[in-house]
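>>> Structure here, sequence nowhere to be found:
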């Protein structure tokens, strides 16, 4: 039978009295460990049931099912809970799951953000062929659970729910108001998150938003990240002949769009991966002394990762990965022109396309960075069009590029020396020992939108293993990360 | 009822006597025109029936059906005919169709080469969805027939058969022995042609091989080509991380194979398409004065083609297309890495692949040219492997390229001033007026293999329209090219 919010308050008040006498030694992380250790099989099964509800953007009905499941879970864990949406959104828009536990005389309000949706799946690429039939496999002698969303990001949600159970079980009282904001569109670019948040501003504010997403350090040590790179995209299409030409009859006369694209892209970076596009690094807001110190103290895992990813070299002219994540980047997500391999034909392709991913840091906004790349392409002699090029445009200009610039997400960075940051660091260190502090996450989370809407700052608290194949086939969670993560969440929920 | 070879000889002898008295004015091309003009509908239907027999490498049963159909056709046209093969070939190997008409007191033997197989098809790319259900469409007020093989190369075969009918109908005697060699593996690289020819050497020799393939000039004037570029291929695979990485978490640290490939390819050519690979142009056997004169007299269609193909510029630093076809070329047939367009994801791809097409001229053999490109890749810091790279190789070398070098076809060029060349030119000019003489075809035909096996030289006699979409969807033949081609074939078969 689900606890009501009122009943929970009563239980917590009672437990508070008991705890003072008999359980004064039990810290929130210990309570989490005491709760999960004897129940790992049962909890793993419950997590598996959650993972079995498909959570991809192409399947909005099941996304809704996830959301309704989570509302029920929150209510069963003693929270007030409901679905948030905004006026005028498409009917299929996955709602935000909202939950709240009010604490009488609370010192603060902490908001826990996570997302219940996952990246798209291509079942044939999965070992099992079934991304939503979770299975357990041993990797390096440790159990992992395989399913879409296992690491990114249902683990965080399940750890928060389990932490609530553990705290209740150990009768540990809370000192903060707790809010949960669980999004359903993160992997689809959080297209409506800000709109939904703005429509529910009185429900979402907190002294801090804890963004529970992403992986812990590659050494498996807990990290805490104070910002995220932003992101912007460009799709570039270069034109060759208007139909594929025989590469014997017309080769070395008809321009080859694949070669034109190669030459255009090649000029964007030097041999060390440094971007050569003018002004690309202009405007970066430098790290402060606290952030620089934290970065200097963070472990350097480059050699371990180089071996794990089978890389013969790395970009960055000797800079470490963690340093490089504080710089903007330019990455080719894909290139295509004509056919390769067995399907290759002796022809000159009609077009060549590249998709570029531009990661941003504080001080460089999406449109500015996109424009710098567009200006560079123009400086290479290209006529730029924002719609597919017409015959007239193609005939009139030696080189034509059709560029689609998608709206991006700005970077965000919370100062490490805020008082609330000290509370968060202290709480987590009671659970996980000395933690790693990083100024910037390499990936992108819509922190900026959250901060604008909730009028607060964000700190990212990851719990997944770094080798969880997020955004790929065979996504998984190392179960130890779930138990560790539950301790971390318990420490934060019951922060003194 | 089919004519037997003996009967044909009798008919030809009789017609010879008649012709001397009553049809002395009828030239072979006139005879062809007189024959086809009143029968265009009927002949088009017959050609359509031929095109309806699928002729792709993936369907050997139907290739055999084509071959058997052609043997029957040759026999019906009074020729001796059979299928040629060689010991030890795979059972599914498409045979060579061989035919012969012996002429008592023949001045020479002329061999007509063509091929009955076509390029692979992707039905969904065709307007009709059915590459082997021929249809007639009007283009610029003229009828064309659409089907795989229409232009490349069943048109030549059908024109030869129709020319035989026309000559018989007009009782025009032959002065040469005529042989037909119709291949079934040209579009699959003529893998067994030389072997089959060598196994049947007594059946294939001639004073000249007329290779009836390819398109006439873009002005629709008849051309005659004295050689063909050779061809060699390279497939290059560059390695990134061993599984796709999140481009936010690892972008600008993990090397991107698409960027590495772009930089490698970009260095192979300058902005005018001139190849920068060392020694790429070394060893070219220059054109002689007759060939240079012919080239200077050939029409320059560049501006027309530039407009037709919708090209804003052309490579070659101002050289004309026909000049450039006498140089070796490097063309990218395709590049691929990661995904583009709607399927693009924020990841660093694991590999990047390019397929290169190297066209060759006399003096540069396939292996030499492949090696020059491989040497260049090595000079750019790449470790080269001829098998998929191992984990150890990828870790040990900053840059690794897996290169597959497929066996190629050398270039070939027949001197324009051979006596037999003069006879061929004269015969065709009785049909088509002043013709265009070109030293080299841009595309590749296995001329070198034919010349080695048959101990002869080759001259290429195209009849198809240049805009026939050969090697692509919606392949077609402008029917006027079929009627003109029949005149050309009649002139050659009945060469005085």
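Ah, there it is. From a predicted model like this one, the values you see are computed outputs, not experimental measurements.

>>> Which strand or helix spans residue A:405?
For residue A:405, the host element (DSSP states H and E) is strand A:400-409.

>>> which other helices and strands contact the next helix or strand after that strand?
Per DSSP H and E, strand A:400-409 leads on to strand A:412-413 as the next helix or strand towards the C-terminus. Helices and strands touching strand A:412-413, by 3 or more Cβ pairs under 8 Å, 6 or more residues apart in numbering or on different chains; DSSP states H and E, are strand A:227-228, helix A:447-454. All C-beta spots, glycine's among them, are computed from the backbone N, C-alpha and C.

>>> Now with 10 Å, please.
If you count contacts as 3 or more Cβ pairs under 10 Å, 6 or more residues apart in numbering or on different chains; DSSP states H and E, strand A:412-413 packs onto strand A:227-228, helix A:447-454, strand A:458-460.

>>> Could you single out the most deeply buried of these?
Across these, averaging neighbours per residue (mean count of other Cβ atoms under 10 Å in any protein chain shown) puts strand A:227-228 on top, at a mean of 30.

>>> Name the next helix or strand following that one along the chain.
Following strand A:227-228 in sequence, per DSSP H and E, is strand A:230-239.

>>> Neighbouring strands - and their directions - for the following helix or strand past that next one?
Later in the chain than strand A:230-239, the nearest helix or strand by DSSP H and E is strand A:245-246. Here strand A:245-246 is paired, per DSSP bridges, with strand A:347-348 (antiparallel).

>>> and the next element down the chain from the strand it pairs with?
That would be, after strand A:347-348 and using DSSP H and E, strand A:351-360.

>>> what angle do that next one and strand A:230-239 make?
On the basis of axes from the mean of the first three to the mean of the last three Cα atoms, to 10 degrees, strand A:351-360 is oriented at 160 degrees to strand A:230-239.

>>> Does anything pack onto the helix or strand following strand A:351-360? Which helices or strands?
Under the assignment DSSP H and E, the closest C-terminal helix or strand after strand A:351-360 is helix A:366-379. Here helix A:366-379 touches strand A:230-239, helix A:257-266, strand A:329-338, strand A:351-360, strand A:383-385, strand A:400-409, going by 3+ Cβ pairs under 10 Å, 6+ apart.

>>> where along the stretch 101-250 of chain A do the helices fall?
Here the stretch 101-250 of chain A has its helices, by DSSP state H, counting those that start in this stretch, at A:154-169, A:193-198.

>>> among those helices, which is nearest chain B?
helix A:154-169 (16.3 Å; Cβ to the nearest Cβ).

>>> Quick check: buried residues in that closest one?
Buried residues in helix A:154-169, counted by 16 or more other Cβ atoms under 10 Å in any protein chain shown: A:154-168.

>>> If the nearest residue to residue A:465 once chain neighbours are set aside is in a bridge, with which residues?
Nearest non-adjacent residue to residue A:465, counting by Cβ to Cβ, 6 or more residues apart in numbering or on different chains: residue A:478, 4.2 Å away. Counting by DSSP bridges, residue A:478 is bridged to residue A:144.

>>> you'd agree residue A:478 is up against residue A:136?
No - between residue A:478 and residue A:136 there is no contact under Cβ atoms under 10 Å: 11.1 Å.

>>> who has more neighbours, these two?
residue A:478 (24 against 12; other Cβ atoms under 10 Å in any protein chain shown).

>>> Contact partners for the residue in the stretch 51-200 of chain A positioned nearest to chain B?
Proximity of the stretch 51-200 of chain A to chain B (Cβ to the nearest Cβ) peaks at residue A:119, 7.6 Å away. Applying Cβ atoms under 10 Å, 6 or more residues apart in numbering or on different chains to residue A:119 gives the contacts A:55-57, A:131, A:148-149, A:152, A:186-188, A:470-473, A:475, B:345-346.

>>> Just the pLDDT at it, thanks.
What the model reports for residue A:119 is a pLDDT of 92.

>>> And it, how close does it get to residue A:59?
Note on residue A:119: its distance to residue A:59, by Cβ to Cβ, to the nearest Å, is 13 Å.

>>> roughly how far apart are the closest residue to residue A:190 other than its chain neighbours and chain B?
Closest residue to residue A:190 apart from its sequence neighbours, by Cβ to Cβ, 6+ apart: residue A:446 at 4.2 Å. Distance of residue A:446 to chain B, computed by Cβ to the nearest Cβ, to the nearest Å: 13 Å.

>>> what's near enough to touch residue A:446?
For residue A:446, the contacting residues are A:113, A:115, A:183, A:185-186, A:189-191, A:193-194, A:197, A:211, A:228, A:230-231, A:409-410, A:412, A:452-453, A:458, by Cβ under 10 Å, 6+ apart.

>>> Just the buried ones from the residues you listed?
A:113, A:115, A:183, A:185-186, A:189-190, A:193-194, A:197, A:211, A:228, A:230-231, A:409-410, A:412, A:453, A:458.

>>> Tell me the residues on the stretch 1-150 of chain A that lie near chain B, please.
Within the stretch 1-150 of chain A, the positions near chain B by Cβ under 10 Å from any Cβ of the partner chain are A:119, A:120, A:122.

>>> which one among those gets closest to residue B:201?
Distance to residue B:201 across those (Cβ to Cβ) is lowest for residue A:122, with 54.2 Å.

>>> backbone phi and psi for that closest one, please?
Taking degrees, to the nearest 10, you get phi -120, psi 90 for the backbone angles of residue A:122.

>>> What residues does it make contact with?
With contacts defined as Cβ under 10 Å, 6+ apart, residue A:122 is in contact with A:131, A:472, A:473, B:343.

>>> make it 8 Å
Residue A:122 sits next to residue A:473 when contact means Cβ atoms under 8 Å, 6 or more residues apart in numbering or on different chains.

>>> Tell me the pLDDT of it.
89.

>>> How about residue A:8?
Note on residue A:8: pLDDT of 44.

>>> With the one 5 residues further on instead?
pLDDT recorded at residue A:13 is 44.

>>> next one: residue A:298
93.

>>> nearest spatial neighbour of residue A:71, skipping sequence neighbours?
residue A:81 (4.6 Å).

>>> Having no further points to raise, I will conclude here.
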